[in-house]
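What follows is a predicted protein model with its sequence.
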Amino acid sequence: GQQVMQIPQYQHVQEGEDFTTYCNSSTTLSNIQWYKQRPGGHPVFLIQLVKSGEVKKQKRLTFQFGEAKKNSSLHITATQTTDVGTYFCAGPEYGNKLVFGAGTILRVKS
Amino acid sequence: EAQVTQNPRYLITVTGKKLTVTCSQNMNHEYMSWYRQDPGLGLRQIYYSMNVEVTDKGDVPEGYKVSRKEKRNFPLILESPSPNQTSLYFCASSSRLAGHPQYFGPGTRLTVT
C-alpha cells in the first residue's frame, strides 16, 4: 500500500529560527493535506494542496507540493512558541483511505 | 458549533472486557473514520465509512469493529481488548471522501491492563 514518509521525526529550534518538515509519498498523490496537533490536543487541518508545484502561504507558514505530486514541505519562518506541536502530512489512497506520515515534533526554545 | 465528539475521553479497562467508544458529528458529513495514534507511528487508520451502512478496513483493523447505522454516529467496538490496543484513538469526519479535510474529535486515551 501507499507509504508516506516524513522527516525529520523531531526538531528543536531556538525561537526566531526557521523550521522545515518534508513529506514523501511512495505513490503520486491527488492532493496532500497538512495538520497540526498541539501537545495534548487533536490534529487540526491546516491546508490542502492539489496542483503540481503549488505553493500556498498562511502568514509565516509556506506549503509546497512537488512537481511530481509525490512530495511536499512545510516551512515556518521565524518560529514562535505558539508553533510547538506535531505536524502531519496526509495523502488519500485510492480516494477512500487517508495515509498519514509519522509526523514531525517541533519544540521551540524561548 | 460544528464538532466531533467522542466518549469516553479516558478509559482504563482489563483484557477481554468488551468496550465501545462512541463518536458523533453534527456536520452532516458522509465520511467518518477511526485512527489510533502511537508514538513514532503517527496516525493509522483503523476503519472508515463512506456513508450509512458502508464501512471498510483501514490499515490496522484487527481487533476492532465498527458500525454506521446513522449518518452522525460511528462507534468503535473492541470485543476483547488486549494490551497492544492501549493507544490514543481519534474519530474524524469529512464532507466527502478521504481527499477532503478531516475534522477530528478530542481523542480517547485507552489503557488495557
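Arrived safely, thanks for sending.

which helices and strands sit right next to the lowest-mean-pLDDT helix or strand in chain A?
Across the helices and strands of chain A, mean pLDDT, DSSP states H and E gives its lowest value to strand A:97-100, namely a mean of 89. Applying 3 or more CB pairs under 8 Å, 6 or more residues apart in numbering or on different chains; DSSP states H and E, one finds that strand A:97-100 contacts strand A:85-93, strand B:42-51. All C-beta spots, glycine's among them, are computed from the backbone N, C-alpha and C.

Dump those to JSON lines, plus mean neighbour count, distance to B:W34 and mean pLDDT.
Output for those, formatted as JSON lines (neighbours: other CB atoms under 10 Å in any protein chain shown; distance: least, CB to CB, whole Å; pLDDT from 0 to 100):
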{"stretch": "strand A:85-93", "mean neighbour count": "25", "distance to B:W34": "15", "mean pLDDT": "94"}
{"stretch": "strand B:42-51", "mean neighbour count": "22", "distance to B:W34": "4", "mean pLDDT": "94"}
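
want to throw those strands into CSV with distance to B:R9?
Shown next, in CSV, are the helices and strands packed on strand A:97-100 (distance: least, CB to CB, whole Å):
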stretch, distance to B:R9
strand A:85-93, 19
strand B:42-51, 18
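
which parts of chain B sit against chain A?
Within chain B, the residues that sit near chain A (CB under 8 Å from any CB of the partner chain) are B:33, B:35, B:40-45, B:48, B:50, B:56, B:58-59, B:90, B:92, B:97-107.
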